[in-house]
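K.L.:
please work out how this folds:
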Amino acid sequence: MSETDSRAASAALRLYKIDASRAHEEVVGQIVYAIRAGILRSGDRLPTSEELAESTGVSKPVVGEAVRVLREHGVVASKRGVQGGVTVITDDVPTDLLPARGWRKAHLTELVEARRPIEMMLSLLAAER
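P.N.:
Numbering: from 1, shown residues only. Next up is the predicted model:
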């Protein structure tokens, strides 16, 4: 993935600033949301740690902890080196990574993006019937 592709993927994610005490869980939640919403798919590479840290307003170690959690759950794989990076290996996110906390105020764009995969499946089901 080129640097331009990485910037485009970063822009498509529309991440928000985090101010929680367990910040890595928020980063995990945002990446899981992007995977479940179809913004990130299996085989896609995540933006760099620096880009993720900047867009979410957390430190690189916090992003590293989030990646470690996702890797331990088999959602992403990471490679070092020039061809390295963090790649989504499955869009089947384990339920224990899904947020169990209360609702937060969502931005309108997040709500629209969350509806898109659902509405696509509803359209397909309607077309079959």
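
K.L.:
for the lengthiest helix in the chain, packing partners?
P.N.:
Longest helix in the chain, counting residues (DSSP state H): helix 108-128. Where contact means 3 or more CB pairs under 8 Å, 6 or more residues apart in numbering; DSSP states H and E, helix 108-128 is packed against helix 23-36. In short, each C-beta sits where N, CA and C put it, glycine included.

K.L.:
centre-most residue in this protein?
P.N.:
residue 31 (1.8 Å; CA atoms, centre = their mean).

K.L.:
please name the nearest non-neighbouring residue to that one.
P.N.:
Leaving aside its chain neighbours, residue 31 sits nearest to residue 70 (6.4 Å; criterion: CB to CB, 6 or more residues apart in numbering).

K.L.:
how close does the nearest residue to residue 66 once chain neighbours are set aside get to residue 91?
P.N.:
Distance criterion CB to CB, 6+ apart; nearest residue to residue 66, sequence neighbours excluded, is residue 27 at 3.7 Å. Separation of residue 27 from residue 91 (CB to CB, to the nearest Å) stands at 18 Å.

K.L.:
same deal with residue 44?
P.N.:
Plainly put, residue 44 is 9 Å away from residue 91 if you go by CB to CB.

K.L.:
these two - which one has more neighbours?
P.N.:
Neighbour comparison, residue 44 and residue 91: the larger count goes to residue 44, with 18 against 14 (by other CB atoms under 10 Å).

K.L.:
can you tell me the closest non-neighbouring residue to the more buried one?
P.N.:
The spatial neighbour of residue 44 that comes closest, neighbours along the chain excluded (CB to CB, 6+ apart), is residue 88 at 5.0 Å.

K.L.:
quick one: residues contacting the residue nearest to the centre of the chain.
P.N.:
40, 46, 66, 70, 76 (CB atoms under 8 Å, 6 or more residues apart in numbering).
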